[in-house]
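S.K.: Provide a 3D model corresponding to the input given below.
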Amino acid sequence: MNLMGEPAFVGRHCGSNEYEVTREVVDFYADALDDHSDLYQKVAPPLLHHSECYAFVGQWYLKNLFGNLHAQQDWDLFTPIPVGSRIRTRSTIIERYHKRGRDYVVNETDVTDAETGQLLVRGRTYQSFLPPKEEQGDGYVVDGGTARRKEPRPPFPTATGPDLAPVTKTIDKRRCWMFSGPGRNYHTDKEQAEKLGFPNIVVQGMMTTCFVAEVMQDAFGMGFVQGGKMSLKLTNVVWVDETLTAYAKVRERVKEGVQVRVHCDVWVEKEDGTRVLIGAASALE
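M.R.: Numbers count the residues shown, from 1 in each chain. Model (predicted):
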């Protein structure tokens, strides 16, 4: 039953799907993100199914879509996804709360091996919604001006270790469509964005998490694909045709069994220095 997230209660099973991890799907991801890692000859990008939680929006989104925003994204990478394998997904509501005038719903989506049931990747998506009103009124929920007037944040990063090699991407309409299409929505179409209170196409927050994953994967290879972690707060809106750079700086190295876990501060900036993502990521070496 499709209730558009009402009632969205903790423990609700939102749905599941099964997919084949084909070479074509992997190549499409690589082209969409301009991420052509040599690892993808054998294993799929760990965030290949980055937006699987949105396959079930009718089961966990709240009714008022006007001004909804992706607030935080956590990733746990357990096992590489072989090219040619079959995977199964499972989506569950694990948390719901109210904070600073917004309602939050947290969706946990697992990706497992369809044959063995082994857990491959787990994502937790924190989506925020404005409380429902009888009338939304005129104007935008957020635009370029309001996005720049955010409250000052504490200094970041505070890590003092070496920098990892950054990656820079320009996000045009084609990339938005490849990442968030093929349908018309506020991540691919200006008219649809305006209906939800935004003046232009809003770049999907999952895309910036993929940029951070690329930085970590380039630095640590399979040590990130198998055992990597990210907890990322989305701090500002990204608009179509903006250029972003993803950075990482080593905070510390901690012994973990016979390996060492490298903890990093990570962030993504616009060309003017506006931070659109901050958080932590780690990998094994």
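
S.K.: I'd like the distance from the longest helix seen in the chain to the chain centre, please.
M.R.: The longest helix of the chain (DSSP state H) is helix 205-220. In terms of C-alpha atoms, centre = their mean, to the nearest Å, the centre of helix 205-220 is found 10 Å from the chain centre.

S.K.: Which SSE is immediately downstream of that helix?
M.R.: helix 222-225 (DSSP states H and E).

S.K.: Same question for the helix or strand just after that following helix: list its buried residues.
M.R.: Using DSSP H and E, the helix or strand that follows helix 222-225 in sequence is strand 229-234. For strand 229-234, burial by neighbour count (16 or more other C-beta atoms under 10 Å) applies to 229-230, 232-234. No exception for glycine: its C-beta is placed from N, CA and C like everyone else's.

S.K.: Just name the closest of these to K63, please.
M.R.: K63 has its nearest neighbour among the buried residues of strand 229-234 in L234, at 22.2 Å by C-beta to C-beta.

S.K.: For that closest one, name its beta-bridge partners.
M.R.: Judged by DSSP bridges, the bridge partners of L234 are L277.

S.K.: Centre-most residue in this protein?
M.R.: M206 (2.6 Å; C-alpha atoms, centre = their mean).

S.K.: pLDDT weak spots in the stretch 51-200 of the chain?
M.R.: Residues of the stretch 51-200 of the chain meeting the criterion pLDDT under 70: 133-153.

S.K.: residue contacts, Q204?
M.R.: Applying C-beta atoms under 8 Å, 6 or more residues apart in numbering to Q204 gives the contacts 51, 70, 176, 179-180, 187.

S.K.: what are the ranges of the strands in the stretch 1-150 of the chain?
M.R.: Using DSSP state E, counting those that start in this stretch, the strands found in the stretch 1-150 of the chain span residues 13-15, 18-20, 69-77, 86-99, 102-113, 119-129.

S.K.: likewise the stretch 151-285 of the chain?
M.R.: So, for the stretch 151-285 of the chain - with DSSP E, counting those that start in this stretch - the strands run 167-170, 229-234, 243-256, 259-270, 275-284.

S.K.: Now distance to V25 too, for these, in CSV please.
M.R.: Formatted as CSV, the strands of the stretch 151-285 of the chain follow (distance: least, C-beta to C-beta, whole Å):
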stretch, distance to V25
strand 167-170, 20
strand 229-234, 22
strand 243-256, 23
strand 259-270, 25
strand 275-284, 24
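
S.K.: Of all those, which one comes closest to Y104?
M.R.: strand 229-234 (12.4 Å).

S.K.: Packing partners of the closest one?
M.R.: The contact analysis (3 or more C-beta pairs under 8 Å, 6 or more residues apart in numbering; DSSP states H and E) places strand 229-234 against strand 69-77, helix 205-220, strand 275-284.
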